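S.K.: Sequence and predicted structure below; questions after.
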Amino acid sequence: MRLVLYQPDIPQNTGAILRLGACLDAGIDIIEPCGFVLDDRRLRRAAMDYLDLLEWRRWPSWETYRATRHAGRLVLLTTRATTAHHQYRFEPDDRLLLGRESAGVPDTVHQAADARIKVPLRPEARSLNVVTAAAIVAGEALRQTGAFDAG
């Protein structure tokens with residue numbers, strides 16, 4: 001299982017997702033450009049000492065990421081989805097794609113996803129913080145695929 005960040009805007013959220021990936025043993029892909037300078041010092045401060053527990057990779061662009069062969073399905077977390085995360089059947093090598101905090105993903109990226117899912121919210125709520133959504137969906141995906149059974 002991997003978490004894929006599409007052009008993240010907020011360094012603190014990126015750090016929290018890196019820490020989440022390390023704690024859940026999920027790899028991370030960061031698709032640039034980011035809305036902040038992505039360097040080792042900033043990442044270490046945001047992710048604390050968890051960065052050494054994590055397998056992660058930077059991608060210079062969406063085009064580069066898409067041109068590379070990846071295992072598993074690309075599953076977009078989006079408020080525009082009709083399928084709830086708990087109704088989706090996850091597989092161990094799924095890649096959970098998270099959009100920019102300010103704008104989500106463009107239509108071309110939306111259409112490139114193999115599946116689109118959402119965390120159900122009350123009607124008057126717009127969206128969750130990207131880290132919260134990632135934790136909810138990754139937890140369900142790992143539960144379904146038996147990843148927690150080994151620990």
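M.R.: Looks like it arrived, so ask away. Numbering: from 1, shown residues only.
S.K.: can we go C-alpha only for contacts and neighbour counts from here?
M.R.: Fine.
S.K.: Strands along this structure, start to end?
M.R.: With DSSP state E, the ranges of strands along the chain come out as 2-6, 27-31, 56-59, 74-77, 83-84, 95-98, 115-118.
S.K.: Select, out of those, the one closest to G146.
M.R.: Taking CA to CA as the measure, the strands of the chain were each checked against G146, and strand 2-6 came out nearest at 15.2 Å.
S.K.: and the angle from that closest one to strand 27-31?
M.R.: In terms of direction (axes from the mean of the first three to the mean of the last three CA atoms, to 10 degrees), strand 2-6 departs from strand 27-31 by 10 degrees.
S.K.: Pairing partners for strand 2-6, with directions?
M.R.: Sheet pairing here is set by DSSP bridges, and for strand 2-6 it gives strand 27-31 (parallel), strand 95-98 (parallel).
S.K.: chain center to it: distance?
M.R.: Distance, stretch centre to chain centre, for strand 2-6: 3 Å (CA atoms, centre = their mean, to the nearest Å).
S.K.: Repeat that for stretch 22-40.
M.R.: Taking CA atoms, centre = their mean, one finds the center of stretch 22-40 at 9 Å from the center of the full chain.
S.K.: Mind jotting down where the helices sit in this protein?
M.R.: For the chain, the helices identified by DSSP state H occupy 11-24, 40-47, 62-67, 107-112, 130-144, in order along the chain.
S.K.: quick one, which of those helices is nearest to E55?
M.R.: Ranking these by proximity to E55 (CA to CA) places helix 11-24 first, at 7.8 Å.
S.K.: Please save the CA atoms from that closest one in PDB.
M.R.: Once non-C-alpha atoms are left out, helix 11-24 reads as follows in PDB (Å, rounded to 0.1, in the frame of the first residue of the first chain):
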ATOM      1  CA  PRO A  11       4.400  21.200   4.600                       C
ATOM      2  CA  GLN A  12       3.000  20.300   8.000                       C
ATOM      3  CA  ASN A  13       0.400  18.000   6.300                       C
ATOM      4  CA  THR A  14       3.100  16.400   4.200                       C
ATOM      5  CA  GLY A  15       5.100  15.800   7.400                       C
ATOM      6  CA  ALA A  16       2.100  14.300   9.100                       C
ATOM      7  CA  ILE A  17       1.400  12.000   6.100                       C
ATOM      8  CA  LEU A  18       5.100  10.900   6.100                       C
ATOM      9  CA  ARG A  19       4.800  10.000   9.700                       C
ATOM     10  CA  LEU A  20       1.500   8.200   9.100                       C
ATOM     11  CA  GLY A  21       3.200   6.200   6.300                       C
ATOM     12  CA  ALA A  22       6.100   5.300   8.600                       C
ATOM     13  CA  CYS A  23       3.800   4.200  11.400                       C
ATOM     14  CA  LEU A  24       1.500   2.100   9.100                       C
END
